[in-house]
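Visitor: A predicted structure for the sequence below; I have some questions about it.
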Amino acid sequence: MTYDDIAARGMVIFGCGKMGSAMLAGWLARGIPPACVTVIDPHPSDWLKAAGVNLNTPLPTNAAVAIIAVKPQMMGEALPNLAAHMGRETLVISVAAGTPIARFEAEFGSSTKIIRAMPNTPAAIGRGITALIGNGQCSQADLELGETLLSAVGQVVRLETEDQIDAVTGVSGSGPAYVFYMIDCLAAAARAEGLPDAMAMELAKATVAGAGALAREASESPEQLRINVTSPNGTTQAGLEVLMDEASGLAPLIRETVKAAAARSRALKG
């Protein structure tokens, strides 16, 4: 299946909030015609209303791709509606948190091609990362199409097993919130050392953004980048001695943070 198939048979998107809109914007920018896209969303944004797609209109029969981006509590209403219009060759891609492939197979039939994906919020600026896994009905071509579609909002990695998605949720799915909180903490620490509010926040944002960009682009590992900037008995070493404390430092705290998020992801399965 290709973009041409999508243009010919259509794409359905259930739920078009921030994540759905980010993906749709990426697909439209890559040449998918708005007229072949049908979006079902009870509270469409002004951007979505102006995007030229078919909004809250009857669903096409046998669409090439169906994207499920609704909140978990809306699944009970959305899935039966979609099932009534599914074709045998429709590829279902879910970016809904906490809903396993088995739930979709029960609703649509075990022969349905289903990809489950976990993107994250930097997708809104095309800098996200998405992990995906397909069921046994997905061909290599289906997985490649899934990767192509999801690469419109950032990087894509494939999982080996579906249960790995809980760890992905704890790391990259929830991870942006951890980083945002770290920015707040850095800014608060800067204020405590006497810097004005606006400058403290500007320094914190720029430091995290710049370090992340360097880590992504540099050939050295993050460990080596840390070593490069740490002079013996210097200011960075003094700070790292606190941050790298084996009992109370960042490493055990991050382990517990990711563990808690992954455990919650497992508990949300339904």
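Guide: That came in fine, so what should we check first? Keep in mind that what you see is a predicted model, and the values were worked out from it rather than measured. Residues are numbered from 1 along each chain as shown.
Visitor: which residues touch stretch 198-205?
Guide: 183, 184, 186, 187, 188, 190, 191, 195 (C-beta atoms under 8 Å, 6 or more residues apart in numbering). Every residue, glycine included, has its C-beta placed from N, CA and C.
Visitor: let's see it at 6 Å
Guide: Contact with stretch 198-205 is made by 183, 186, 187, 190, 191, as judged by C-beta atoms under 6 Å, 6 or more residues apart in numbering.
Visitor: nearest the geometric middle of this structure, what residue?
Guide: For the chain, residue 119 is the residue whose C-alpha lies nearest the centre (C-alpha atoms, centre = their mean; 1.4 Å).
Visitor: so it touches residue 128, yeah?
Guide: Yes - judged on C-beta atoms under 6 Å, residue 119 makes contact with residue 128 at a distance of 5.2 Å.
Visitor: rewinding a little: which one of the contacts of stretch 198-205 sits in the busiest neighbourhood?
Guide: When neighbours are counted by other C-beta atoms under 10 Å, residue 187 leads the contacts of stretch 198-205 with 21 neighbours.
Visitor: run through who's touching the helix or strand where that residue lies.
Guide: Assigned by DSSP states H and E, residue 187 belongs to helix 175-192. When contacts are defined by C-beta under 6 Å, 6+ apart, helix 175-192 is touched by residues 120, 121, 200, 201, 203, 204, 205, 208.
Visitor: turn these into TSV, columns for pLDDT, secondary structure and distance to residue 17.
Guide: Formatted as TSV, the contacts of helix 175-192 follow (pLDDT from 0 to 100; DSSP: H, G, I helix; E, B strand; the rest coil; distance: C-beta to C-beta, whole Å):
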residue	pLDDT	secondary structure	distance to residue 17
120	93	coil	14
121	91	helix	11
200	98	helix	32
201	98	helix	27
203	98	helix	32
204	98	helix	28
205	98	helix	25
208	98	helix	25
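Visitor: please spell out the ChimeraX selection for the buried subset of those residues.
Guide: In ChimeraX syntax, the buried subset of the contacts of helix 175-192 is picked out as below (16 or more other C-beta atoms under 10 Å):
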select :120,121,200,201,204
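Visitor: helices along the stretch 51-200 of the chain, start to end?
Guide: Ranges of helices within the stretch 51-200 of the chain are 75-83, 101-108, 140-150, 164-168, 175-192, 197-217, based on DSSP state H, counting those that start in this stretch.
Visitor: residue 156 is nearest to which of the ones you listed?
Guide: helix 140-150 (4.7 Å; C-beta to C-beta).
Visitor: buried residues in that closest one?
Guide: Result for helix 140-150 [16+ other C-beta under 10 Å]: buried residues 142, 143, 145, 146, 147, 149, 150.
Visitor: thinking again about what came up before, tell me the contacts of the residue nearest to the centre of the chain?
Guide: With C-beta under 6 Å, 6+ apart, residue 119 has these contacts: 95, 128, 130.
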